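K.L.:
would you be able to build a 3D model of this:
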Amino acid sequence: MILEFGQVIFGILLLLFVPGFFLTLLFFDELNFLEKISLGIVLSLLIDVALGIFFGYNEFMKKLTGGITSRNIWIGLISISLILIIAYTVKVERDYLNFKKTETFITKSNKLWYYLSVV
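P.N.:
Okay, here's the model as predicted:
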């Protein structure tokens with residue numbers, strides 16, 4: 001009973017929120033938090049539809065993937081979510097390292113400018 005309830009909650013989050021939210025975080029920096037949540041829900045639904053079309057669009061794909069089954073949907077959504085989470089993590093780390101390099105450069109430039117102005 002509790003396991004089924006947890007599976008339902010995790011499934012709803014995975015189905016309606018997680019992939020789209022991380023896709024929104026990855027590409028839309030200028031939006032505020034509420035806009036990111038609403039766009040994340042819409043993009044999650046778009047990802048779900050695209051996944052459904054991939055698994056069951058024609059007879060060849062249906063035979064190749066086994067069609068639209070709960071196992072395939074779980075694997076597809078978890079895979080897409082993990083890929084987006086990793087991509088967002090890489091983006092955040094890259095931005096942080098670029099910020100540190102810029103901060104170091106500005107600090108060194110300011111020191112150089114200070115030394116040149118004192119002399």
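K.L.:
could you pull up phi and psi at the spatially most central residue of the chain?
P.N.:
Taking CA atoms, centre = their mean, the centroid of the chain lies closest to residue 22, which sits 2.5 Å from it. Backbone torsions for residue 22, taken as degrees, to the nearest 10, come to phi -70, psi -30.
K.L.:
in which helix or strand would I find the nearest residue to it once chain neighbours are set aside?
P.N.:
Distances taken as CB to CB, 6 or more residues apart in numbering put residue 84 closest to residue 22, at 3.9 Å, once the chain neighbours are dropped. Where C-beta positions appear, they are placed from N, C-alpha and C, glycine not excepted. Per DSSP states H and E: residue 84 is located in helix 70-118.
K.L.:
repeat that for residue 50.
P.N.:
helix 33-56.
K.L.:
got the buried residues for that helix?
P.N.:
Neighbour-count burial for helix 33-56, counted by 16 or more other CB atoms under 10 Å, picks out 36, 39-40, 43-44, 47-48, 51, 55-56.
K.L.:
kindly export that helix (C-alpha atoms) in PDB.
P.N.:
Presented in PDB, the C-alpha positions along helix 33-56 are these (Å, rounded to 0.1, in the frame of the first residue of the first chain):
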ATOM      1  CA  PHE A  33      10.600  30.900 -10.500                       C
ATOM      2  CA  LEU A  34       6.800  30.700 -11.100                       C
ATOM      3  CA  GLU A  35       7.300  30.900 -14.900                       C
ATOM      4  CA  LYS A  36       9.900  28.200 -14.700                       C
ATOM      5  CA  ILE A  37       7.400  25.900 -12.900                       C
ATOM      6  CA  SER A  38       4.600  26.500 -15.300                       C
ATOM      7  CA  LEU A  39       6.800  26.100 -18.300                       C
ATOM      8  CA  GLY A  40       8.300  23.000 -16.800                       C
ATOM      9  CA  ILE A  41       4.900  21.400 -16.500                       C
ATOM     10  CA  VAL A  42       4.100  22.200 -20.100                       C
ATOM     11  CA  LEU A  43       7.500  20.900 -21.400                       C
ATOM     12  CA  SER A  44       7.100  17.800 -19.300                       C
ATOM     13  CA  LEU A  45       3.800  17.100 -21.000                       C
ATOM     14  CA  LEU A  46       5.500  17.700 -24.400                       C
ATOM     15  CA  ILE A  47       8.200  15.200 -23.400                       C
ATOM     16  CA  ASP A  48       5.600  12.700 -22.400                       C
ATOM     17  CA  VAL A  49       3.800  13.000 -25.700                       C
ATOM     18  CA  ALA A  50       7.100  12.700 -27.600                       C
ATOM     19  CA  LEU A  51       8.000   9.600 -25.600                       C
ATOM     20  CA  GLY A  52       4.600   8.000 -26.400                       C
ATOM     21  CA  ILE A  53       5.000   8.800 -30.100                       C
ATOM     22  CA  PHE A  54       8.500   7.300 -30.000                       C
ATOM     23  CA  PHE A  55       7.400   4.000 -28.300                       C
ATOM     24  CA  GLY A  56       4.200   3.400 -30.300                       C
END
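K.L.:
all set now, cheers.
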